[in-house]
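Enquirer: have a look; sequence and predicted model below, questions after that.
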Amino acid sequence: MKSGSINGQKFVRMKAFKQPFSFISAALLCYFLIPYLIFLKYFNLDFNLDYAEAWWAFKNSSLQAFVTAVIVTGLSIPLSFGVFTLKNPWFALTQKLLLLPQILPALFSILIVFSMVDPFPMGTTGIIIIFTVMHLGFATVLLTAATQERMGSFGLIAEVYDVGRFKFYRRVYCPLMKSNLLTIFVLVFIFCFASFSVPLVAGGGRGTNLEVLIYEKIFINQNWSLAWTLNLLQSFFIFILSYLILKKSALPKVDFEDSKYMQFRLGRVGLFIYLALYGGGYLMGLVKARGALAQFQALLPEIILATQHTLKIMVFYILINILLLITWVYDYVKSGRQNSSRHLLATSTILVGFSFYLLIPETSLGDYFKIILSMTILFFPPLFRSFLEKPLDQLDSQILTCKIFNISTSKIVFTVVLRQIKKPIFLWLSFLTIWFLSDFAILKSLGVRTATVGLMAESFLSSYRLSLAYLLSFYILIVWVFTLLAIYLLKGVFGVINKKFAS
């Protein structure tokens, strides 16, 4: 009787909360699918491929992604056990620090590895090293969270019954966690396979992957039909892998009981080494770059001009992202489900860039439009999933209660939802801005002529002027901090507008 009552309540609740697919949902999805719609407009297959060249690039992409995914997934196991040796607040702080290499732009990881590995092995080996540094912390955090959700008290029970540690790992841990490990493997594989920025800078002539080959077909060979064909094949491959991992069924969460079998002190040492190499490597590179201060000062007029262009575009970029977020939240409140666009985690940079390159004229105003559209399409979905999806889902019961009392959707959005997720929104905005400031891969794929600080950083990297690249990256961090201060100060203004709108 009790079970039937609970199931009935759950059914009624979900039926009341879920609504048919709305026009706003469709419009949001279409916005993030604009590159694919442009793709269909200009679609022209050309299977007259140089199959040896295409296979070579595909093999490089697959090899770089596969080896990185194997290394990262394997190392994430002992490192996650190292996380469990820590107690709060170090437990939570370490996980946040581990996410930095993944969330910060690729520019920083590239600089750190370039300065730590000397001579740097250009090509596939170098790309794998950078990918590993970028994704290892992210995989460790994912596995730590999955372990807490899946392992429950199995570790403690095995410890009480004196089951051997390795027997526990072989008979209990691996069978329970294999689906999560596979998910992490595939996620890392997709991120690496779709990467453009790292192979562009670190690939040399031997590490060319599919993204770089498509870029060359567009901007060097002017063979657009062939580029579209390669892009279609690559996008289809990424879509299949993404679909396989995103369709996995959710499992019930269990209460986690810590045990010594879930802890590994050498893993904690590994955590310290990884974080020390990342943070220390960057600081060491900055110290070494002091000798290039005179050169940097000589370039200040160009840097300031590039900064002005960057900030002008960024103002509109932030406004568009805020508008998209409000529309997304409104749609969530109205329909009771997250927009399907959240699954677009690894859209091809070249696909987006080339689409807008064809559609929008090569003028300074056209560059502004191309940059804003492409960066919102590429950055909004992954950062939304990282910072806002979970906080938004946690408010669904409050949203349902408001709807029962016939409170308007607009009032729910501004009075109930946005007020309670201010901190996640600020984090989301902070990473939207640092990604924007540091990006060069998207700008290269767009073929823009407007100077930005990201493109200047790429030019320093490509010409191996690492000291100047380090100084410019530090300059970008300073601009980022001042941007966040401005956003924080403006938050009060938005609060006043919010109150007026809510009333």
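Expert: Received it, and whenever you're ready, just let me know what you need. Keep in mind it's a predicted model, so treat the numbers as computed, not measured.

Enquirer: only C-alpha atoms from now on, for both contacts and neighbour counts.
Expert: Noted.

Enquirer: domains in the chain, by residue range?
Expert: The chain breaks down into these domains under automatic domain parsing: 44-291, 299-503.

Enquirer: TSV for those, including mean neighbour count, distance to Cys30 and mean pLDDT?
Expert: Listed next are the domains of the chain as TSV, based on neighbours: other CA atoms under 10 Å; distance: least, CA to CA, whole Å; pLDDT from 0 to 100:
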stretch	mean neighbour count	distance to Cys30	mean pLDDT
domain 44-291	18	17	85
domain 299-503	18	9	89
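
Enquirer: want to throw these into TSV with distance to Pro35?
Expert: Formatted as TSV, the domains of the chain follow (distance: least, CA to CA, whole Å):
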stretch	distance to Pro35
domain 44-291	12
domain 299-503	5
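
Enquirer: of those, which is nearest Leu29?
Expert: Taking CA to CA, domain 299-503 is the member of the domains of the chain nearest to Leu29, at 5.5 Å.

Enquirer: what residues does the residue nearest to the spatial centre of the chain make contact with?
Expert: Note on the chain: the residue nearest the mean C-alpha position is Pro382, at 4.8 Å, using CA atoms, centre = their mean. By CA atoms under 8 Å, 6 or more residues apart in numbering, Pro382 lies in contact with 342, 344-345.

Enquirer: list the contacts of Glu458.
Expert: If you count contacts by CA under 8 Å, 6+ apart, then Glu458 has 201, 440, 469 around it.

Enquirer: what's the distance between it and Gln64?
Expert: Using CA to CA, to the nearest Å, we find Glu458 at a distance of 21 Å from Gln64.

Enquirer: show me where the stretch 151-300 of the chain has helices.
Expert: 154-160, 165-168, 174-193, 197-202, 210-219, 224-246, 265-288, 293-298, 300-335 (DSSP state H, counting those that start in this stretch).

Enquirer: which of those sits closest to Tyr42?
Expert: With respect to Tyr42, and counting by CA to CA, the nearest of the helices of the stretch 151-300 of the chain is helix 224-246 at 8.7 Å.

Enquirer: quick one on the thing from earlier: which one of the domains of the chain lies closest to Tyr36?
Expert: Nearest to Tyr36, of all the domains of the chain, is domain 299-503, at 7.9 Å by CA to CA.

Enquirer: centre of the chain versus that closest one, how much separation?
Expert: 12 Å (CA atoms, centre = their mean, to the nearest Å).

Enquirer: what helices or strands is the helix or strand harbouring Ala145 leaning on?
Expert: Counting by DSSP states H and E, the element that carries Ala145 is helix 124-150. Secondary-structure packing of helix 124-150 (3 or more CA pairs under 8 Å, 6 or more residues apart in numbering; DSSP states H and E): helix 51-83, helix 90-103, helix 106-116, helix 174-193, helix 197-202.

Enquirer: closest to Val333 out of these?
Expert: Of all the helices and strands packed on helix 124-150, helix 90-103 sits nearest to Val333, with 27.9 Å by CA to CA.

Enquirer: how much does the closest one deviate in direction from helix 106-116?
Expert: 100 degrees (axes from the mean of the first three to the mean of the last three CA atoms, to 10 degrees).
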